[in-house]
Structure formats: C-alpha cells, structure tokens
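K.L.:
pasted the sequence and its predicted model underneath.
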Amino acid sequence: GDSVTQMEGPVTLSEEAFLTINCTYTATGYPSLFWYVQYPGEGLQLLLKATKADDKGSNKGFEATYRKETTSFHLEKGSVQVSDSAVYFCALSHQAGTALIFGKGTTLSVSS
Amino acid sequence: NAGVTQTPKFQVLKTGQSMTLQCAQDMNHNSMYWYRQDPGMGLRLIYYSASEGTTDKGEVPNGYNVSRLNKREFSLRLESAAPSQTSVYFCASSEAQGSPYEQYFGPGTRLTVT
C-alpha cells in the first residue's frame, strides 16, 4: 500500500540556519503531496502542496518540489525563525474524499 | 467562518466509560474524517465519511463508532473506553471532488483514559 517516510527528528537548529526535512513516498500513479504543520497545542495546518511532477509548492518561505523520479517531496527553508518551531508532516492523497496518508512527523526546534 | 470545530477540547475518562466527540464544519464540504495522533505514529485514520449518509472504516476502527448526522456534523463515539484509546483526536473535512484534495483540520480533542 501507499506510504510516506520522513526523516526522524528532532531537528534542532539555530535561528537563520538552512532547513531540510526529507520526505519520500511509495504510491501508485500520481498522488497529490502536502506538507502540514502543527504548532504546539494546535491542530494541523496546510503549509504547502503540489499536484504533479516538478510542481513547486511554497508558502511562508518554505518550499518543496514534487520529484517523481526520486519519489520525494523534501521541505526546505533558507532561514528558519524561532516561530517555525513545530511538528511537520508530509502526506499524500490520491483522490478527493479519501484519507490522507501521513508520515510520522518531524519535530523542529529553533533556538535564538 | 469557523472552519472545523471540535468539542470537547480535553476529556478524562475511566476505563469502561463512554463518550461522544463532536465535530462540525461550515465549509460545505462533503467529506469528513476522524484521525488519532499518537507519539511517533503520525496520524492514523479511524473512520471517514465520503458524503452525507455514508461512512467507512479506516486503518484503526476497532472500539469506535461514527455518525454522519448531516452534511455539517460527524461524531465519533467510544462505547467502552480503554487506556489504549488515550490519544489526540482530530476531525477533518474536504471537498469530495476536484484537485488537490487538501483537508482542513479541527483543533483536536485530547483524551485520557485511566
């Protein structure tokens, strides 16, 4: 079945450092790919998305590119802030009205 | 526009007690979902409702029942709570068709079963 694998955390960075969180997936066909973020004590919020190969999703300085050849959707940010401290989830979906398949999440902690 | 709302926010139950978690959305979405989040496990689907009047089991349905009361509301019931059901529960909703199938999440219910 379909699955999503994320790098294990926690990831600890200093403010203004470069961030990469790796995500790879196993799926048939061409799923849509997502990154969700969960701030402490809150629900999940959609951070960015991509629907087809070579699409780049971006939001709030974060970027991820849908790479079909490597089945990857790595999350990057050039300069992290303390306010980016959160848990990040990579996810995929094949069609509307069906469940998202999530990775296990990566905790990011940014210190000043 | 409240999005997805969930009640209660926190709950403590004793083993064997029952309770219902409530979820409502105001985005006119057809599909709704219940997930549970456990440390190191990500989110796992309990039940979902692709449209009003239909419900289906997800990955971890045992010990739970659901009701799609109308298009807006989707409740999750624990008939006889067990410590293994200690978790954070999230409700979500989405469109039933069209790309890219993103889901919108509620703030969660933190449940402890002692």
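P.N.:
All right, it came through fine. Residues are numbered from 1 along each chain as shown, chains lettered A, B, ... in the order given.
K.L.:
quick one: contacts for B:Leu69?
P.N.:
B:Ser75 (Cβ atoms under 8 Å, 6 or more residues apart in numbering or on different chains). To be clear about C-beta, it is placed using only N, CA and C from the backbone, and glycine gets the same treatment.
K.L.:
just checking, what packs against the lowest-mean-pLDDT helix or strand in chain A?
P.N.:
One helix or strand of chain A scores below all others by mean pLDDT, DSSP states H and E: strand A:101-102, with a mean of 92. Packing contacts for strand A:101-102, counted by 3 or more Cβ pairs under 8 Å, 6 or more residues apart in numbering or on different chains; DSSP states H and E, involve strand A:3-6, strand A:86-93, strand B:42-49.
K.L.:
can you put the ones you listed in TSV and add mean neighbour count?
P.N.:
Shown next, in TSV, are the helices and strands packed on strand A:101-102 (neighbours: other Cβ atoms under 10 Å in any protein chain shown):
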stretch	mean neighbour count
strand A:3-6	19
strand A:86-93	24
strand B:42-49	22
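K.L.:
looking at those, which is closest to A:Gly41?
P.N.:
A:Gly41 lies closest to strand A:86-93 among those, at 10.7 Å (Cβ to Cβ).
K.L.:
in chain B, where is pLDDT below threshold?
P.N.:
B:96-101 (pLDDT under 70).
K.L.:
and stretch A:68-86, how far from the chain's centre?
P.N.:
Remark: stretch A:68-86 is offset 6 Å from the chain centroid, using Cα atoms, centre = their mean, to the nearest Å.
K.L.:
would you confirm that A:Lys77 contacts A:Phe62?
P.N.:
Yes - counting by Cβ atoms under 8 Å, A:Lys77 does reach A:Phe62; the two are 4.9 Å apart.
K.L.:
what helix or strand is the residue positioned nearest the centre of chain B located in?
P.N.:
For chain B, B:Trp34 is the residue whose C-alpha lies nearest the centre (Cα atoms, centre = their mean; 2.7 Å). Per DSSP states H and E, B:Trp34 falls inside strand B:31-38.
K.L.:
contacts for that strand, please.
P.N.:
The contact list for strand B:31-38, computed with Cβ under 8 Å, 6+ apart, reads A:96-97, A:99, B:21, B:23, B:25, B:43-51, B:58, B:60, B:64, B:66, B:68, B:74, B:76, B:87-96, B:103, B:108.
K.L.:
then stretch A:40-57?
P.N.:
In contact with stretch A:40-57 (Cβ under 8 Å, 6+ apart) are residues A:30, A:32-39, A:58-60, A:62-68, A:73, A:75, A:85-86, A:88-89, B:4, B:43, B:90, B:92, B:99-100, B:102-108.
K.L.:
just the buried ones from those?
P.N.:
Listed as buried from the contacts of stretch A:40-57 are A:32-38, A:62-67, A:73, A:75, A:85-86, A:88-89, B:4, B:43, B:90, B:92, B:100, B:102-108; burial here means 16 or more other Cβ atoms under 10 Å in any protein chain shown.
K.L.:
what about the helix or strand hosting B:Phe90, near chain A?
P.N.:
Using DSSP H and E, B:Phe90 sits within strand B:87-94. Yes - residues of strand B:87-94 contacting chain A under Cβ under 8 Å from any Cβ of the partner chain: B:Phe90, B:Ala92, B:Ser94.
K.L.:
now the residues you listed in JSON lines, with distance to A:Gln6?
P.N.:
Below are these laid out as JSON lines (distance: Cβ to Cβ, whole Å):
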{"residue": "B:Phe90", "distance to A:Gln6": "18"}
{"residue": "B:Ala92", "distance to A:Gln6": "19"}
{"residue": "B:Ser94", "distance to A:Gln6": "22"}
